[in-house]
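Undergrad: have a look at this prediction, sequence included:
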Amino acid sequence: MTRVVSVVCLSMFLGSWVAPAGCQTVARTASMPTYTDDGKLVLPNQYREWIFLSSGLDMSYAPNGMAGHSTFDNVFVNPEAYKAFGETGRWPDKTMLVLEIRGAATNASINKAGHFQSSEVMGREVHVKDEARFPGKWAFFGFDDNDTAKMVPKEAACYSCHEQHGAVDTTFVQFYPTLMDIAKNKGTLSARYLQDEKTSSGSQKTSKPSSNP
């Protein structure tokens, strides 16, 4: 998911739903996406009870992207999707990934070095897979202080970035250490991600200084 302070939203979808033939799905539960009548996503306030995937400090996909800010981002996924990924190495329909951004603090209590997460939530994003609803299957929603959010327009850079660099199904599994081995073993890493890794490894070898005098 994109590490930016503008965030994406999610929620619960209650009611009956029939999967298209051949589509990988998860059982209907309260941790599915729910939308308002005008198409906004409802923020699932229980997401902190979901599966925790990873935390990053001051991550940015652009040089100097976090200049002047120090933040942690925490990523959670609904339990049904996590279980399905463990079995297949792929995300099922109705997957929801929540990105929570908090300030990085350092001077408090007995802490003398390093950083810890502050109580201030600076933003939330949700990356939702809803194959029947969204062109391209996935959509982003960014929340400020509201419990609902509009879909981020498809022209936004987050879509193309995820499509070009996501390790699995346009998602940044490369930053989720508990899932990478699963994806490798299942052979579900994307061709574009593997090419990124090959290019990155080649650049590192080329720039490595020679040990010869």
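TA: It's in. As the structure is a prediction and not an experimental result, all values here were calculated from the model.
Undergrad: ranges for the helices of this protein?
TA: 79-88, 157-165, 177-186, 191-207 (DSSP state H).
Undergrad: now distance to Asp37 and mean neighbour count too, for those helices, in JSON lines please.
TA: In this view, the C-beta of every residue, glycine as well, is placed from N, C-alpha and C. Shown next, in JSON lines, are these (distance: least, CB to CB, whole Å; neighbours: other CB atoms under 10 Å):
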{"stretch": "helix 79-88", "distance to Asp37": "25", "mean neighbour count": "18"}
{"stretch": "helix 157-165", "distance to Asp37": "25", "mean neighbour count": "16"}
{"stretch": "helix 177-186", "distance to Asp37": "35", "mean neighbour count": "15"}
{"stretch": "helix 191-207", "distance to Asp37": "37", "mean neighbour count": "11"}
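Undergrad: if you average pLDDT over each of those helices, which is lowest?
TA: When the helices of the chain are compared by mean pLDDT, helix 191-207 comes last with a mean of 76.
Undergrad: ok so, going back, out of the helices of the chain, which is closest to Gly114?
TA: Between Gly114 and the helices of the chain, the tightest spacing by CB to CB is seen for helix 177-186, at 19.9 Å.
Undergrad: tabulate the CA atom coordinates of the closest one in CSV.
TA: In CSV, the C-alpha atoms belonging to helix 177-186 read as follows (Å, rounded to 0.1, in the frame of the first residue of the first chain):
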residue,chain,number,x,y,z
PRO,A,177,7.9,-10.4,5.7
THR,A,178,5.5,-13.1,6.9
LEU,A,179,4.0,-13.3,3.4
MET,A,180,7.0,-13.2,1.1
ASP,A,181,8.1,-16.8,1.7
ILE,A,182,4.5,-17.9,1.0
ALA,A,183,4.5,-16.1,-2.3
LYS,A,184,7.9,-17.5,-3.3
ASN,A,185,6.8,-21.0,-2.5
LYS,A,186,3.5,-20.7,-4.3
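Undergrad: what lies in contact with it?
TA: With CB atoms under 8 Å, 6 or more residues apart in numbering as the contact definition, helix 177-186 has outside contacts at 53-54, 85-86, 88-90, 167-168, 173-174, 189.
Undergrad: hey, what's Ala105 bridged with?
TA: Phe116 (DSSP bridges).
Undergrad: pretty sure it contacts Phe72?
TA: No: in terms of CB atoms under 8 Å, Ala105 does not count as a neighbour of Phe72; the distance is 9.5 Å.
Undergrad: what ranges of the chain fall below the confidence cut-off?
TA: Within the chain, the segments meeting pLDDT under 70 span 1-30, 61-68, 111-112, 116-117, 202-213.
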